[in-house]
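Undergrad: fold the following, please.
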Amino acid sequence: MAQGGWRQPRVSMQEHMAIDVSPGPIRPIHLISDYFPHFYPFAEPVHRTPDLPPATASANRSTPQLQHDPEPEADSDDSTALGTLEFTLLFDADNSALHCTAHRAKGLKPPASGSVDTYVKANLLPGASKASQLRTRTVRGTRGPVWEETLTYHGFTCQDAGRKTLRLCVCEDPRLRRRRRAPPLGELRVPLRKLVPNRARSFDICLEKQRLTKRPKSLDTARGMSLYEEEVEAEVAGEERGRILLSLCYSSQRGGLLVGVLRCAHLAPMDANGYSDPFVRLFLHPNSGKKSKYKTSVRRKTLNPEFNEEFFYAGPREELAEKALLVSVWDYDLGTADDFIGGVQLSSQASGERLRHWQECLGRSDRRLELWHPLDGVAPQLGD
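TA: Got it, this is the predicted structure:
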């Protein structure tokens, strides 16, 4: 021993980590639970030794062991365990409609309660959530529900196909179990620009987790609407107020213009419940008398009303060509002023589809022409 006592040589951290760190041959892991065993409260835990020699393995066969469900050989990811949804899309360009047929779902992941009463909810994005929301019936008590139900979006044009996305959610129906509204079991999104007009396309896509997006500042949050909603896309700049399907026909027998208000689609919600009570006003300008103004009946609590009402404006074709047809959609409010939803003007001063609709109607007699028109957010000026 040296003077002052013997001292153990000091080893640096780098030298310590470099000593005996060779892992040896790498062997595949057959079962991850061998290295992280489970413990059972009513039996002794069984520890498996991987890669036993043949002699040891034969000796262990004679001793009884506890049998339990094997562990999965790979880690499970929630995005791949939510199930799949089979559906078919058809863009009917001739009738301006999008048909979505929900066929069936497979391998749905049950909620914590264990019951699965499911339906399919569809939304067109971007857009108001309830304006484009459709749903199927509820199928009870199965992880592989079969709906075979078609959801139809009216007023769907080629412009919509180029910029909109269809969002499909498989949801649990809480009303049948008297529970609170649960998040969707899974969702998927399909860009509609991939569709070929008048040609059906089938899909079988895995469901994903729900996406939460923040509501834009332009939407009113003071009417009972939450700050975060899953149905609303963040990009809703310049969002449309809805659209209306009008039919025009100049009747040579009656000597006047027949205006049909058929239906509206995807109207903006004006009430606190997320819906509207819409009706349509018609005004032929300039004109005098009560026969220049008409109004449809009110449809309660809907954003996709169907009217199928027709009105008549008498007059020769030359006089009608110098006038303008002002169509406006309103939300009926009892005791207060009605809320303006949107409007459209058809005249010789218009442009695009509105001008073509007006000119073709007055250019040919006894020929009915139906066309969808997007609504403007500015109320038409009804001057004298």
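Undergrad: so Gly260 is in contact with Thr296, correct?
TA: No. Using Cβ atoms under 8 Å, Gly260 makes no contact with Thr296, being 10.5 Å away. Every C-beta, even on glycine, is put in place using the N, C-alpha and C of the backbone.
Undergrad: what residues are shared contacts of the two?
TA: Residues touching both Gly260 and Thr296 (Cβ atoms under 8 Å, 6 or more residues apart in numbering): Glu309.
Undergrad: low pLDDT regions in the stretch 101-250 of the chain?
TA: 111-115, 128-129, 176-181, 212-239 (pLDDT under 70).
Undergrad: how about Pro269, what does it touch?
TA: 128, 130-131, 275-276, 303.
Undergrad: measure Ala122 to Arg243 for me?
TA: As judged by Cβ to Cβ, to the nearest Å, Ala122 and Arg243 stand 18 Å apart.
Undergrad: more neighbours, these two?
TA: Per other Cβ atoms under 10 Å, whichever of Ala122 and Arg243 has more neighbours is Arg243, with 23 against 19.
Undergrad: what separation is there between the more buried one and Gly141?
TA: Counting by Cβ to Cβ, the gap from Arg243 to Gly141 is 39 Å.
Undergrad: helices along the stretch 51-200 of the chain, start to end?
TA: 54-61, 158-163 (DSSP state H, counting those that start in this stretch).
Undergrad: what residues of the top helix by length along the chain count as buried?
TA: Criterion DSSP state H: the longest helix present in the chain is helix 352-363. Going by neighbour count (16 or more other Cβ atoms under 10 Å), the buried part of helix 352-363 is 354, 357-358, 361-362.
Undergrad: helices and strands around that helix, which ones?
TA: Helices and strands touching helix 352-363, by 3 or more Cβ pairs under 8 Å, 6 or more residues apart in numbering; DSSP states H and E, are strand 243-251, helix 317-321, strand 339-346, strand 369-374.
Undergrad: will you turn the buried residues of helix 352-363 into TSV that also has distance to Leu168?
TA: Shown next, in TSV, are the buried residues of helix 352-363 (distance: Cβ to Cβ, whole Å):
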residue	distance to Leu168
Arg354	33
His357	33
Trp358	38
Cys361	38
Leu362	43
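Undergrad: quick revisit: what's the mean pLDDT across the longest helix of the chain?
TA: Across helix 352-363, the average pLDDT comes to 92.
Undergrad: host element of Asp204?
TA: Taking DSSP states H and E as the definition, one finds Asp204 inside strand 201-206.
Undergrad: in its sheet, what does that strand sit against?
TA: Applying DSSP bridges, strand 201-206 is found paired with strand 84-92 (antiparallel).
Undergrad: convert the partner strand to PDB, retaining C-alpha atoms only.
TA: Extracted C-alpha coordinates of strand 84-92, given in PDB (Å, rounded to 0.1, in the frame of the first residue of the first chain):
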ATOM      1  CA  THR A  84     -63.700   0.300 -42.100                       C
ATOM      2  CA  LEU A  85     -66.600   1.900 -44.000                       C
ATOM      3  CA  GLU A  86     -67.900   0.800 -47.400                       C
ATOM      4  CA  PHE A  87     -69.800   3.400 -49.400                       C
ATOM      5  CA  THR A  88     -70.500   4.500 -53.000                       C
ATOM      6  CA  LEU A  89     -70.500   8.000 -54.400                       C
ATOM      7  CA  LEU A  90     -72.300   9.200 -57.600                       C
ATOM      8  CA  PHE A  91     -72.200  12.700 -59.000                       C
ATOM      9  CA  ASP A  92     -75.400  13.200 -61.000                       C
END
